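**Q** Pasted the sequence and its predicted model underneath.
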Amino acid sequence: MDLLSNLALGLSTALTLTNLGYCFIGVLLGTAIGVLPGLGPLATIAMLLPITYQIGEPVSALIMLAGIYYGAQYGGSTTAILINVPGEISSVVTTLDGYQMAKQGRAGPALAIAAIGSFAAGTIATVVIAAAAGPMSELAFTFGPAEYFSLMTLGLVGAVVLSHGSLLKAICMVLAGILVGTVGIDVNSGVTRFSFGFDELFDGVELAAVAIGVFGLSEILINLERRDHREKVTSKVGRLMPTKDDFRQSTWPILRGAGLGSILGVLPGGGSVLSSFSSYVLEKKLSRHPERFGKGEIAGLAGPEAANNAGAQTSFIPMLTLGIPSNVVMALMIAAMMIHEITPGPQVIRNEPQLFWGLIASMWVGNLMLLVLNLPLIGLWIRLLTIPYRILYPAIIMFCVIGTYSMRNNVFDVWLILPFFVMGYLWRKLGCEAAPFLLGIVLGPMLEKQLRRAMIISRGEWDIFVMKPISAALLGVTVMLLLAVALPFTAGKRREVFVESED
Amino acid sequence: MRIRNEKDFWSGVMFVTIGVATIVIARDYGMGTLRSMGPGWFPTAIGTIMALLGAVIALRSLGRSGGTERIERIGLRELLLLALSIALFAFLLPRLGMVISVAILSLVAIFADHGFRMIEAVIITVSLVLLSWLIFALGLSVQMPVWPTVF
């Protein structure tokens, strides 16, 4: 069977000593830094991205980066449970019941169920990726420029719909990103655009420097301002092993969460956030005692944690098969692939089967490592949580700047951090989200390329985008999404969901 | 007329500014035709949409429907000090090498925190220099000057 032989090829790549090592370092670093106060998964990845550039083999670099990603996410759940601080929006749901469990002295079982749920979901998601990737990339080969353009538009709109500020501002942030993406030499005409006289900008802006500026460093400023608002660490973790009852109550939520997350993760703009929210709502609906949710109900923790991880993993599918990032983390993954001169897209699975399947298999291996590694290390994570922020942040800055320098051994990229650091900080003050901006930078150049190609094919007629059925369908969904958010009824609902999440 | 929603108003102004600036700069790049788009076509289109949406955002912030929101205090001192620490690092690294640049970066950055103590600052700085040397110079063997090159 194809699926099995592919997974076997993947495992044989992922299980080499080198790659196991990188996977291990990735999940360990990811968890450790994700646990540290004030560093969410995005900042963690942005900060560690330059270091993965030092790795020679592209597959090893990607394996490590993926490990950092789900390690950081797991670290985020840990802080959500122990100190009620969600690392990112997707672990907001974890705080609802997870922190309540910790308050009741059941932090141990909460952490264990989170890890077991994530692992189970990761296993299911790995199979889903393996099964879906082939057909998806076959489909992608039939895509022309018009289809790609419409798909990317849908992806960007999807991402915007899920961001939790004003819709118009988020769209403008995407546009700003697209503009930054046009910096550099235009391949069609050879004209240099928006380089402001800097030769270093001919190849465009270095995405890692931008990410470090808008996510890593501006977050430090925000944290310095709201110091001393941290909740107390629950020092009593209690026994780790969940009871038989806990297992019985979480089995179905985990399975349902994994299924839901696997599907939602593939959607453009989907990924872990949508998955964990939907799973929480679903479990609350299905539960015989919905009144216990938010008071330490284990189903309200197990389902979203599983969904979150499954969604995070299946969001690799559009990135690997279509070359389109469905969220910011995937955009950073694309940046890492480009550095190693691999252009993400349907050809990857054909030309680099080892890289493709190796990465997928490594996610399963990495999840297993997280499970085996994290529960015994929980004492260490708790100690990391107590490190005061004033000691941490100079180290974070040091890592960010030397890391950025090390990518091309060039201080220009360090200078480049500065404007994006200042902008990132001001954007937060203005309530403009940086995630759509980064997606815009990555998708912008592709969007322009496909638009120009499509218009050449159609001899300058716009109707090519609606004459092609797939393209028309994708644009139709895009318009529906926009309408759904803009209409007053659903707009209110959307606000409700996000407001609930911010309490 | 009063600005009810400061955040939206200034965001809108920012988007209009970027949009218009883009359109102006992109005029030099050549628009081409729809059939064969020049390098200026795409940025101009994006800049135009952005300026229009920005104007809508800014105008809506004046009306009742936009809600009232003030911009929180901007921590200028912290912002400037952190920016300075990065700028100094970028400026000094090629000249004085990693050890001195990291030390200065660390001291300036620590100064951004109000509650810093001198002894603590020195300890953090020394450990950071050691750490950066261990990880980047020794571990990852990044090509960069470690000590001042003048000597």
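**A** Good, I have the coordinates.
**Q** Just the element for residue 94, please.
**A** As the question left the chain open, I've gone with chain A. Here residue A:94 sits within helix A:92-94, counting by DSSP states H and E.
**Q** think we crossed wires, I meant chain B
**A** Using DSSP H and E, residue B:94 sits in helix B:76-111.
**Q** which residues sit against the helix or strand following that helix?
**A** Counting by DSSP H and E, the next helix or strand C-terminal to helix B:76-111 is helix B:118-132. Residues outside helix B:118-132 that contact it (CB atoms under 8 Å, 6 or more residues apart in numbering or on different chains) are A:390-391, A:394-395, A:398, A:402, B:98-99, B:102-103, B:106-107, B:110-111. The C-beta positions use only the backbone N, C-alpha and C, and glycine is treated the same way.
**Q** Helix B:118-132 versus helix B:76-111: what angle between them?
**A** 70 degrees (axes from the mean of the first three to the mean of the last three CA atoms, to 10 degrees).
**Q** which regions of chain A sit below the pLDDT cut-off?
**A** A:1, A:38, A:87-89, A:162-165, A:227-238, A:269-272, A:488-503 (pLDDT under 70).
**Q** Now do the buried residues in the lengthiest helix in it.
**A** Secondary structure of chain A per DSSP state H: the longest helix is helix A:107-141. Judged by neighbour count (16 or more other CB atoms under 10 Å in any protein chain shown), helix A:107-141 contains these buried residues: A:107-126, A:128-130, A:133, A:136-137, A:140.
**Q** Count the neighbours of residue A:375 for me.
**A** 15 (other CB atoms under 10 Å in any protein chain shown).
**Q** That one touches residue A:110, doesn't it?
**A** No: taking CB atoms under 8 Å as the definition, residue A:375 is not a contact partner of residue A:110, at 11.7 Å.
**Q** one step back: buried stuff in the helix holding residue B:94?
**A** B:78-79, B:81-90, B:92-93, B:96-111.
**Q** Averaged pLDDT, it. What do you get?
**A** For helix B:76-111, mean pLDDT rounds to 93.
**Q** what sits against residue A:159?
**A** So residue A:159 contacts A:174, A:268-269, A:326-327, A:435-436, A:439 (CB under 8 Å, 6+ apart).
**Q** In CSV, list those residues along with secondary structure.
**A** Formatted as CSV, these follow (DSSP: H, G, I helix; E, B strand; the rest coil):
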residue, secondary structure
A:174, helix
A:268, coil
A:269, coil
A:326, coil
A:327, coil
A:435, helix
A:436, helix
A:439, helix
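**Q** Take the residues you listed and, keeping just the buried ones, write it as a PyMOL select command.
**A** To isolate the buried members of those in PyMOL, using 16+ other CB under 10 Å:
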select buried, chain A and resi 174+268+269+326+327+435+436+439
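**Q** Near chain B, list only the ones from the contacts of residue A:159.
**A** The overlap between those and the neighbours of chain B (CB under 8 Å from any CB of the partner chain) is empty.
**Q** Tell me the one among the contacts of residue A:159 nearest to chain B.
**A** Nearest to chain B among the contacts of residue A:159, counting by CB to the nearest CB, is residue A:174 at 9.4 Å.
**Q** ok, the closest one to residue B:63 distance?
**A** Distance, residue A:174 to residue B:63, by CB to CB, to the nearest Å: 25 Å.
**Q** what does residue A:404 give?
**A** 43 Å.
**Q** quick one: contacts for the residue nearest to residue B:125 when sequence neighbours are not counted?
**A** Nearest residue to residue B:125 in three dimensions, chain neighbours excluded: residue B:106, at 4.2 Å (CB to CB, 6 or more residues apart in numbering or on different chains). For residue B:106, the contact set (CB under 8 Å, 6+ apart) comprises A:394, A:397-398, B:85, B:121, B:124-125, B:128-129.
**Q** let's see 10 Å
**A** Contacts were defined as CB atoms under 10 Å, 6 or more residues apart in numbering or on different chains; by that measure residue B:106 touches A:394-395, A:397-398, B:85, B:89, B:121-122, B:124-129, B:132.
**Q** Ok, residue A:176 next?
**A** Residues near residue A:176 by CB under 10 Å, 6+ apart: A:423, A:427, A:432, A:434, A:436-437, A:440-441, A:444, B:14-15, B:18-19, B:22, B:46-47, B:50, B:54.
**Q** Residue A:339 is in contact with residue A:203, correct?
**A** No: using CB atoms under 10 Å as the test, residue A:203 is too far from residue A:339 to be in contact (11.3 Å).
**Q** Those two: which has the busier surroundings?
**A** Using other CB under 10 Å as the criterion, residue A:203 and residue A:339 rank with residue A:339 on top: 19 against 12.
**Q** what about the closest residue to that one other than its chain neighbours, neighbour count?
**A** What sits nearest to residue A:339 in space, not counting adjacent residues and going by CB to CB, 6+ apart, is residue A:53, at 5.5 Å. Residues near residue A:53, counting by other CB under 10 Å, number 18.
**Q** contacting residues for residue A:53?
**A** A:61, A:65, A:208, A:335-336, A:339-340, A:403, A:406-408, B:140.
**Q** can you rerun that using 8 Å?
**A** Residue A:53 makes contact with A:61, A:208, A:336, A:339, A:406-407, according to CB under 8 Å, 6+ apart.
**Q** So which of the residues you listed are in helices?
**A** A:61, A:208, A:336, A:339, A:406-407.
**Q** Go ahead and list the helix or strand containing the residue minimising distance to the centre of chain A.
**A** Centroid-nearest residue in chain A, with CA atoms, centre = their mean: residue A:329, separated by 3.6 Å. Residue A:329 belongs to helix A:328-339 when assigned by DSSP H and E.
**Q** List every C-alpha atom in the helix or strand residue A:13 falls within, with coordinates, as CSV.
**A** In this structure, residue A:13 is located in helix A:2-14 according to DSSP H and E. Below are the C-alpha coordinates for helix A:2-14, written out as CSV (Å, rounded to 0.1, in the frame of the first residue of the first chain):
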residue,chain,number,x,y,z
ASP,A,2,1.2,3.5,-0.9
LEU,A,3,0.4,5.1,2.4
LEU,A,4,2.4,2.5,4.3
SER,A,5,5.5,2.6,2.1
ASN,A,6,5.4,6.4,2.2
LEU,A,7,5.2,6.4,5.9
ALA,A,8,8.0,3.9,6.0
LEU,A,9,10.2,6.1,3.9
GLY,A,10,9.3,9.0,6.2
LEU,A,11,10.2,7.0,9.3
SER,A,12,13.5,5.9,7.9
THR,A,13,14.4,9.6,7.4
ALA,A,14,13.0,10.8,10.7
